[in-house]
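**Student:** Fold the following, please.
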Amino acid sequence: MKRGFVCVLFLTIVSIQLFGIFQVPVQAAWQDTAMEAFRNHNFDKAIEICQARKEKDLFGKLILYFAHAEKYALYKSKVDKAARDSQEKILRSSISIKDVDTIMLFARETDKPETIKASNQLLKVAFDNVNRIDELSQSLKFLNPEKYTSETYDLAMKTIKKFLINQRKYVMKGGTIPSKERDFIVKSELIPRLVSLANLNSTAVNCLILIEDPAIEPLRETYGKGVEKALIGIEKAVAKRLKKWPESTWFSAQPK
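**Tutor:** Model prediction:
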């Protein structure tokens with residue numbers, strides 16, 4: 001029995017190593033060490049730890065960026081300024097909505113003014129870089145004012161609103177919203193989430209008006225001033241669309 005158990009354990013360990021599961025605690029260890037150094041204002045040590053990992057790991061890139069930013073504020077060194085600017089350029093072109101939670105770890109470093117400023121800027125870039133439905137879907141989780149900061153919540157709401165404005169304009173120009181975008185609007189948690197926020201947030205009301213017809217029934221199942229405003233706004237939006245495109249639907253200017 002013991003020999004069989006050891007054999008199974010060995011095979012299990014080999015399988016885990018092959019799939020890279022053991023890499024997680026190793027990576028977490030260096031991240032913890034680097035973050036501890038950064039939080040203790042030992043920026044040189046944090047930079048040294050992350051230097052070898054900067055090409056592949058977002059966490060390493062972020063610590064390098066923020067550490068050099070803090071050092072530049074303290075010493076005004078051209079070396080730190082160049083390193084900070086280089087990392088910023090890399091991050092701005094590569095970060096996305098999936099990186100928001102990682103960036104927010106640094107946004108809580110209240111005794112590091114450069115990190116607070118830079119992390120908030122990167123959060124905005126992450127939301128601005130959203131250009132696919134799967135990324136837009138990920139933004140829905142941030143529409144939770146109780147769990148996320150007001151800044152992150154507002155950025156998520158603005159990202160959703162920008163998307164819906166573009167869909168509305170597309171239809172009003174004579175277009176048809178593609179099926180993936182339509183499915184996101186009507187089949188995801190978008191409408192329920194916006195309806196739940198309608199009495200709390202004016203942007204949520206504006207988003208529901210932009211959605212139009214699909215939002216009517218969910219809105220009628222609840223009540224409140226925001227809900228009433230959304231229903232009135234939808235009625236006006238539908239009338240405006242039908243005046244320009246008499247046989248249109250909420251997703252297409254063309255006849256069915």
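**Student:** which residues of the stretch 151-256 of the chain fall in helices?
**Tutor:** Taking DSSP state H, counting those that start in this stretch as the criterion, the stretch 151-256 of the chain carries its helices at 179-187, 190-197, 202-211, 216-220, 225-244.
**Student:** Which one, of these, ends up nearest to A73?
**Tutor:** helix 202-211 (34.2 Å; Cβ to Cβ). (C-beta placed from N, C-alpha, C; glycine too.)
**Student:** just to revisit the earlier point, pick the most deeply packed of the helices of the stretch 151-256 of the chain.
**Tutor:** helix 202-211 (a mean of 22; mean count of other Cβ atoms under 10 Å).
**Student:** Let me know which of the helices of the stretch 151-256 of the chain is the nearest to T33.
**Tutor:** Nearest to T33 among the helices of the stretch 151-256 of the chain is helix 190-197; the distance by Cβ to Cβ comes to 38.3 Å.
**Student:** For the helices of the stretch 151-256 of the chain, give me CSV that also has mean pLDDT.
**Tutor:** Formatted as CSV, the helices of the stretch 151-256 of the chain follow (pLDDT from 0 to 100):
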stretch, mean pLDDT
helix 179-187, 97
helix 190-197, 97
helix 202-211, 98
helix 216-220, 98
helix 225-244, 98
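**Student:** Can you add distance to D85 and give the ones you listed back as JSON lines?
**Tutor:** JSON lines is the format used below for the helices of the stretch 151-256 of the chain (distance: least, Cβ to Cβ, whole Å):
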{"stretch": "helix 179-187", "distance to D85": "37"}
{"stretch": "helix 190-197", "distance to D85": "38"}
{"stretch": "helix 202-211", "distance to D85": "34"}
{"stretch": "helix 216-220", "distance to D85": "47"}
{"stretch": "helix 225-244", "distance to D85": "44"}
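**Student:** I'd like to know which of those lies nearest to K169.
**Tutor:** helix 202-211 (9.6 Å).
**Student:** What is the least confident helix or strand in the chain?
**Tutor:** Least confident helix or strand, the chain: helix 2-18 with a mean of 39, by mean pLDDT, DSSP states H and E.
**Student:** Now for K158: which residues touch it?
**Tutor:** Contacts of K158 were listed using Cβ atoms under 8 Å, 6 or more residues apart in numbering, and they are 127, 203.
**Student:** hang on, the earlier thing: just tell me which of the helices of the stretch 151-256 of the chain ends up closest to V171.
**Tutor:** Using Cβ to Cβ, the helices of the stretch 151-256 of the chain put helix 225-244 closest to V171, at 7.0 Å.
**Student:** Could you check the angle the closest one makes with helix 202-211?
**Tutor:** 30 degrees (axes from the mean of the first three to the mean of the last three Cα atoms, to 10 degrees).
**Student:** quick one: the closest residue to M157 other than its chain neighbours from L155, how far?
**Tutor:** Leaving out its chain neighbours, the residue that sits closest to M157 by Cβ to Cβ, 6 or more residues apart in numbering is T203, at 4.8 Å. Distance of T203 to L155, computed by Cβ to Cβ, to the nearest Å: 11 Å.
**Student:** What separation do you get for the residue nearest the centre of the chain and V130?
**Tutor:** Compute the mean C-alpha point of the chain, and by Cα atoms, centre = their mean the closest residue is I97, 3.2 Å away. To V130, I97 is 5 Å away according to Cβ to Cβ.
**Student:** any shared contact partners between those two?
**Tutor:** 136, 139.
**Student:** quick one: low-confidence ranges for this structure?
**Tutor:** Within the chain, the segments meeting pLDDT under 70 span 1-28, 54-55.
**Student:** Go again with 50.
**Tutor:** 1-27 (pLDDT under 50).
**Student:** Show me how it divides into domains.
**Tutor:** 39-128, 133-244 (automatic domain parsing).
**Student:** Would you mind putting these into a markdown table with distance to Q254 alongside?
**Tutor:** Shown next, in a markdown table, are the domains of the chain (distance: least, Cβ to Cβ, whole Å):
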| stretch | distance to Q254 |
| --- | --- |
| domain 39-128 | 31 |
| domain 133-244 | 6 |
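**Student:** Alright, that wraps it up for me.
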